[in-house]
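1. take this sequence and fold it.
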Amino acid sequence: MAQLSQLTQYIESYVDSSRSSTQQAASVDAIAYLLKNDILTLETLVTEMGMYLTTTDNIIRTRETKKNVLIEEKIQEKEKIQKKEKKPREG
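-> So this is what the prediction gives:
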C-alpha cells in the first residue's frame, strides 16, 4: 500500500491552487497509477481525502471532486491502451 504521507502529498499538491498545473497533473497521474496497480485502495484514498471532501470551503471541495473525476479518466484511458495492445494483429 502507498504510504499515507506520500498520498497526502499528492492530494495536497492537487488541491493547492498555488501549485503549477504540471505539479497538479503529476499528482493525479500518480494517484491513478497507485489505484490502477492495486498499490492503493479506493477506501484508503477516500479516507485520506475526507477533510477535503467535507470542508466548507467550496473551492477546495470542488477541486477535490474534480481530481477524482480526472483520476477515473486516467484509469479508463490506461485500460483502453492496454486493451489495444492486447488485440492480436491481423495480417
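2. max-length helix in this protein?
-> helix 58-86 (DSSP state H).
3. who does it touch, helix- and strand-wise?
-> For helix 58-86, the packing partners by 3 or more C-beta pairs under 8 Å, 6 or more residues apart in numbering; DSSP states H and E come out as helix 4-15, helix 21-36, helix 42-53. Heads up, the C-betas are built off the backbone N, CA and C, glycines and all.
4. wait, which of the ones you listed is closest to residue 73?
-> helix 21-36 (8.4 Å; C-beta to C-beta).
5. report the inter-axis angle for the closest one versus helix 58-86.
-> 60 degrees (axes from the mean of the first three to the mean of the last three C-alpha atoms, to 10 degrees).
6. mean confidence for helix 21-36?
-> Summarised as a single mean, pLDDT over helix 21-36 is 90.
7. what angle separates it from helix 42-53?
-> Using the same axes, to 10 degrees: helix 21-36 against helix 42-53 is 150 degrees.
8. what sits against residue 54?
-> Contact analysis of residue 54 by C-beta atoms under 8 Å, 6 or more residues apart in numbering lists residue 61.
9. phi, psi for it please.
-> Dihedral pair for residue 54: phi -110, psi 0, per degrees, to the nearest 10.
10. got it, and residue 56?
-> phi -80, psi -10.
11. check residue 41 too.
-> Dihedral angles (degrees, to the nearest 10) for residue 41: phi -90, psi 150.
12. what pLDDT does it get?
-> 88.
13. now stretch 40-52: buried residues?
-> 40, 44-45, 48-49, 52 (16 or more other C-beta atoms under 10 Å).
14. what's next to that stretch, contact-wise?
-> Against stretch 40-52 from outside (C-beta under 8 Å, 6+ apart): 1-2, 4, 7-8, 11, 15, 31, 34-35, 53, 60-61, 63-64, 68.
15. and with 6 Å instead?
-> 2, 7, 11, 15, 34, 60, 64 (C-beta atoms under 6 Å, 6 or more residues apart in numbering).
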